[in-house]
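A.B. asks: Here is the input, now give the coordinates:
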Amino acid sequence: MTNPEGLWDKRYSENPTPNAPSEFLEVFEQYLPHGGTCVDIAGGNGRNALWFAKKGYVTSVVDISTVALNQATKSAEKQDVELECIHWDIEKDLMPPERKWDIALLTLFLNREILRSATQYLNADGVLLFAQPTKKNLERHEHPGERFLLDPREIFEIGESLKDMETLHVDEAWRDSERHEAWLVCKKVV
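C.D. replies: All right, here's what the predicted structure looks like:
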């Protein structure tokens, strides 16, 4: 049996510097509330969480890797922002219980159950942002592997199936990042 935490710790030890924030954030900033709380789910070493923190959001990053969370903490200190780092295995327990945020972000990590349960961890009018490569991405890249990719047009089905969520934007296309990604933005409706 593999140890997911150990695998992610190794990956972040080998690549300690956070990448640039996802292009997805700039495109959909228009849908975000002007303040509030944010969680970056499976946020690694904080590349997207730091973007939110710099914009003034009270930001949490949830990840299984303590190495990544330590890197996120150091980056936040260097950039003079605050991040709450939550060591958590979302594959095992989904999201921390009894926590809610105004914004939830999930990028480059496929967990359909996290999407389906969004209303449990979003406040009223909370916004869910999701970006994930599709199987079309394999035309140009061998990673991530097929089991970590969305089926063609699956993002549209996901958007329609989310209970108590209004879809604000959904599409899939080749992005500036050179990945074929599905993008979904939803708002919790009460």
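
A.B. asks: Tell me where this protein has helices.
C.D. replies: For the chain, helices defined by DSSP state H occupy the ranges 4-14, 23-28, 47-54, 66-78, 90-93, 112-116, 118-121, 154-161.

A.B. asks: For the fourth one, list every residue counted as buried.
C.D. replies: Neighbour counts over helix 66-78 (16 or more other CB atoms under 10 Å) mark 67-73, 75-76 as buried. Every residue, glycine included, has its C-beta placed from N, CA and C.

A.B. asks: Format these as CSV; extra columns: pLDDT and distance to Ser13.
C.D. replies: Converted to CSV, those look like this (pLDDT from 0 to 100; distance: CB to CB, whole Å):
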residue, pLDDT, distance to Ser13
Val67, 96, 5
Ala68, 96, 9
Leu69, 97, 13
Asn70, 96, 10
Gln71, 96, 9
Ala72, 97, 14
Thr73, 97, 15
Ser75, 96, 15
Ala76, 97, 19
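
A.B. asks: With distance to Thr167 as added columns, please give the residues you listed in TSV.
C.D. replies: As requested, the buried residues of helix 66-78 are exported to TSV (distance: CB to CB, whole Å):
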residue	distance to Thr167
Val67	35
Ala68	30
Leu69	31
Asn70	36
Gln71	34
Ala72	30
Thr73	34
Ser75	33
Ala76	32
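
A.B. asks: Would you indicate which residues of the least confident helix or strand in the chain by mean pLDDT are buried?
C.D. replies: Within the chain, no helix or strand scores below helix 4-14, which has a mean of 83 by mean pLDDT, DSSP states H and E. Residues of helix 4-14 classed as buried under the neighbour-count rule (16+ other CB under 10 Å) are 5, 8-9, 12.

A.B. asks: ok, now stretch 103-118?
C.D. replies: Residues of stretch 103-118 classed as buried under the neighbour-count rule (16+ other CB under 10 Å) are 103-111, 114-115, 118.

A.B. asks: Noted, bye for now.
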